[in-house]
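S.K.: Output the structure for:
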Amino acid sequence: MPESNEISLVIGLRETERDLAASLYWQAFSKKLSFLLGPRKKAEAYISKVLNKDNVFAVRDTKNNIVGLAGFRDVNGGVIGGTFGDLVDVYGFLGAIWRATFLSFLERKDNSEILHLDAVCVEQKSRGKGIGRKIIDFSGRFAKSRSIVAIELDVVSNNEPAIKFYKNLDFYIVSKEKIGPMGLILGFKSIYRMRLDLQ
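M.R.: Alright, predicted model coming up:
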């Protein structure tokens, strides 16, 4: 399902693009995840290591450079996998123990009839060019091809620009999950699950 015009959207990444994808994810989500996965070099090493390259919608420009990504979760898992052993490899045993505990609190259950997007991100210099909208459109076509009825994604409660962006694309909030005292550490109080029904 490639896109035409100035960019193309494809499913999957090349093995050699793991580090680039990890850097892009960190660029987009470092404020949300810096406490759990930082510092940057370790975070990018961990993301690169556990990235499921087959569960990614990749946006490429005319020079074939990646300018945006969206991970998705299905029966094969999500865009970011990983085991306790992977955490140990990057952060050491003690660093892995507390990170695994915190990360388990952020896990959410999904409905198999819904395509769940994991991390929609566009590189900074390419923002404002409609790439995020094209990722959602592409995701919708992909979902419909699998007879999936809706798209869902999670947004932290203090990310007002993202919430507004998704609402403008007809997403609506279906649940708000408070994360309790962890919010003091992570910098947000709740996670909103947003849904787009596919007609």
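S.K.: State the mean pLDDT of the helix ranked longest in the chain.
M.R.: In the chain, assigned by DSSP state H, the helix with the most residues is helix 84-106. Averaged across helix 84-106, pLDDT comes to 91.
S.K.: Which residues does that helix contact?
M.R.: Leu36, Leu37, Lys42, Ala45, Tyr46, Lys49, Val50, Ile179, Met182, Ile185, Ile191 (Cβ atoms under 8 Å, 6 or more residues apart in numbering). Quick note: C-beta positions are derived from backbone N, CA and C, even for glycine.
S.K.: Which strands or helices does the worst-scoring helix or strand of the chain on mean pLDDT pack on?
M.R.: Ranking every helix and strand in the chain by mean pLDDT, DSSP states H and E puts helix 182-186 at the bottom, with a mean of 72. Contacts defined by 3 or more Cβ pairs under 8 Å, 6 or more residues apart in numbering; DSSP states H and E place helix 182-186 against helix 18-37, helix 84-106.
S.K.: so which of those helices comes closest to Gly68?
M.R.: Among these, the nearest to Gly68 by Cβ to Cβ is helix 18-37 (7.8 Å).
S.K.: average pLDDT for that closest one?
M.R.: Rounded mean pLDDT across helix 18-37 is 88.
S.K.: Show me what counts as buried in it.
M.R.: For helix 18-37, a neighbour-count test (16 or more other Cβ atoms under 10 Å) marks 18, 20-26, 28-29, 32-33, 36-37 as buried.
S.K.: Farthest pair within the residues you listed?
M.R.: Using Cβ to Cβ, the two most remote members of the buried residues of helix 18-37 are Leu20 and Leu36, lying 21.6 Å apart.
S.K.: do you know how far Ala28 is from Ile136?
M.R.: From Ala28 across to Ile136, the span is 15 Å (Cβ to Cβ, to the nearest Å).
S.K.: coming back round to it: which of the contacts of helix 84-106 are buried?
M.R.: Leu36, Leu37, Ala45, Tyr46, Lys49, Val50, Ile179, Met182, Ile191.
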